[in-house]
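Participant: I'll drop the sequence and a predicted model, then ask my questions.
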Amino acid sequence: MIVTVTLTPALDKTVVIPNFRTDEVNRIESLRLDPGGKGINVSKGLHALGMDSLATGILGGDTGRYIENSLRGLGIACDFAWTDHDTRTNLKVIDPVLHTNTDINEAGMPVGQDVLETVYRKIETAVRRDDIVVFAGKAPAGAADTIFAEWTERLNRKGVRVCLDADGGLLIEGAKAKPALIKPNDAELSRLTGRSFESIDEIAASARELTADGIETVAVSLGGDGALFVKGDTALRGRGLKVEVQSTVGAGDSMMAALAYGAASGMSFRDTCALAMAFSAAAVTTPGTQPAEMDYVNELLKQVILTEM
Ligand SMILES: Nc1ncnc2c1ncn2[C@@H]1O[C@H](COP(=O)(O)OP(=O)(O)OP(=O)(O)O)[C@@H](O)[C@H]1O
Ligand SMILES: [Mg+2]
């Protein structure tokens, strides 16, 4: 079982407006609504890979109900904690003529300790030893930076494998609790280690230090340049795959979905890394955070080259 946790979901409203102008009335050409938020994206990725997951976290109001209904419609199981506040809606304005991409994001509402504890109880009830819990994204106002660290410690004691994809204080504190896997991008790894990197060797050295220190797997994603995966003594470098980029939003979430899939299905480390490369590269060829078709993922899989460092 894989449980994905999204404490700050959003309803992503993507509108296409050719020749978008400020100070004028703009006409929407097309509109789509997608459940968004990092853990939710991981659940969507797992679903595309053919694996069930349980999506939990915090939802509220009519937008929350819309998100839950869409996830259920996709066949993704949900068990969220509910608040009175409406889950935020994030507006994305895509202009195919002027080639602009404008995000207008609502601030999330603060949540109380009781709601957070309800989320944790839902996670704990759902998992058994060796199951996987993915913490992804930001924490709401009202939650401490140590929240994922505390939950990771509690889950580690139960033999549950935690995968963490966060930034800033959440990642710094979370890493101290030794999750089974972290997936920072290079900027996030910089903030975690307090170092700036000049070369892939320096990134690999930092990732190796983290694994030596008790985090089993460190996957560092490098956008179009590919990724670096370290587990035990093995460090694998995956060169960026050449794809037609539509939207890189959520590429990291697709990579996390593939990493969790590999861990849950007992795939070898090398095969898991190859899938993570192909699945994330395929995801950037689709609009927004939609996962790619598996036929295309399998085609890209043949092009993945992983070299030992
Ligand atoms: N332009 C690209 N071309 C090919 N592959 C890409 C590209 N951008 C991203 N990827 C793939 O997706 C993976 C994750 O991307 P990235 O490093 O941008 O994650 P991220 O910064 O965590 O993104 P996000 O948090 O927005 O999901 C990369 O390691 C790579 O495999
Ligand atoms: Mg990311």
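Facilitator: Right, received. Where do you want to start? Ligands and ions are numbered 1, 2, ... in the order given.

Participant: Model confidence score at the residue nearest to Met309 when sequence neighbours are not counted, please.
Facilitator: Leaving aside its chain neighbours, Met309 sits nearest to Ala235 (4.2 Å; criterion: CB to CB, 6 or more residues apart in numbering). For the C-beta atoms, the positions are set from N, CA and C on the backbone; glycine is no exception. pLDDT recorded at Ala235 is 98.

Participant: Then Met109?
Facilitator: In this prediction, Met109 carries a pLDDT score of 85.

Participant: just Val249 next, same as before
Facilitator: The model's pLDDT for Val249 equals 85.

Participant: that older thread, A strand includes the residue nearest to Met309, no?
Facilitator: Yes: residue state for Ala235 (DSSP: H, G, I helix; E, B strand; the rest coil) corresponds to a strand.

Participant: Burial check on it, number of neighbours?
Facilitator: Around Ala235 there are 20 other residues, counting by other CB atoms under 10 Å.

Participant: you'd agree it is up against Arg208?
Facilitator: Yes: taking contacts as CB atoms under 8 Å, Ala235 lies within contact range of Arg208: 6.6 Å.

Participant: picking up where we left off before, check contacts around the residue nearest to Met309.
Facilitator: Ala204, Ala207, Arg208, Leu228, Phe229, Glu308, Met309 (CB atoms under 8 Å, 6 or more residues apart in numbering).

Participant: my read: the first one touches Leu228, true?
Facilitator: To tie it back to what came earlier, the one meant is Ala204. Yes: Ala204 is within contact range of Leu228, at 5.9 Å (criterion: CB under 8 Å).

Participant: who's more crowded, those two?
Facilitator: Set Ala204 next to Leu228 and count neighbours by other CB under 10 Å: Leu228 wins out with 23 against 20.

Participant: The protein - how does it break down into domains?
Facilitator: 1-128, 180-309 (automatic domain parsing).

Participant: So for ligand 1, which of those sits nearest?
Facilitator: domain 180-309 (2.2 Å; CB to the nearest ligand atom).

Participant: That closest one close to ligand 1?
Facilitator: Yes: applying CB under 6 Å from any ligand atom, one finds that domain 180-309 is in contact with ligand 1 at 185, 221-224, 226-227, 240-241, 243, 245, 248-253, 255, 277, 280-281, 284.

Participant: End to end on that domain, go ahead and measure it.
Facilitator: 21 Å (CA to CA, to the nearest Å).

Participant: which parts of stretch 152-165 are buried?
Facilitator: Thr152, Glu153, Leu155, Val160, Arg161, Val162, Cys163, Leu164, Asp165 (16 or more other CB atoms under 10 Å).

Participant: just the residues you listed now: which is nearest ligand 1?
Facilitator: Asp165 (7.0 Å).

Participant: Next up, the contacts around the closest one.
Facilitator: Shown here is Asp165, whose contacts under the criterion CB under 8 Å, 6+ apart are Lys38, Val42, Val134, Phe135, Ala136, Gly137, Ile182, Lys183, Pro184, Gly252, Asp253, Met256.

Participant: Among those, name the ones in helices.
Facilitator: By the criterion of DSSP state H, membership of the contacts of Asp165 in helices covers Lys38, Val42, Gly252, Asp253, Met256.

Participant: How many neighbouring residues does Asp131 have?
Facilitator: Other residues within reach of Asp131, judged by other CB under 10 Å, total 18.

Participant: Just confirm it contacts Thr4, I think it does.
Facilitator: No: the pair Asp131 / Thr4 is not scored as a contact, 11.8 Å apart, by CB under 8 Å.

Participant: The residue nearest to Ser190 when sequence neighbours are not counted in helix, strand or coil?
Facilitator: Leaving aside its sequence neighbours, Ser190 sits nearest to Ser196 (CB to CB, 6+ apart; 5.7 Å). Following three-state DSSP, the label given to Ser196 is coil.

Participant: how near is Ser196 to Gly168?
Facilitator: Per CB to CB, to the nearest Å, Ser196 is found 16 Å from Gly168.

Participant: Which of these two has more residues huddled nearby?
Facilitator: The residue with more neighbours, out of Ser196 and Gly168, is Gly168; 13 against 9, by other CB under 10 Å.

Participant: before we move on, the earlier item: and the two most separated of the buried residues of stretch 152-165?
Facilitator: Of all pairs drawn from the buried residues of stretch 152-165, the greatest distance, 17.8 Å, lies between Glu153 and Asp165 (CB to CB).

Participant: all helices of the stretch 201-309 of the chain, in order?
Facilitator: Under the criterion DSSP state H, counting those that start in this stretch, helices of the stretch 201-309 of the chain are mapped to 251-264, 269-283, 294-301.

Participant: any idea which of these is most buried?
Facilitator: helix 251-264 (a mean of 26; mean count of other CB atoms under 10 Å).
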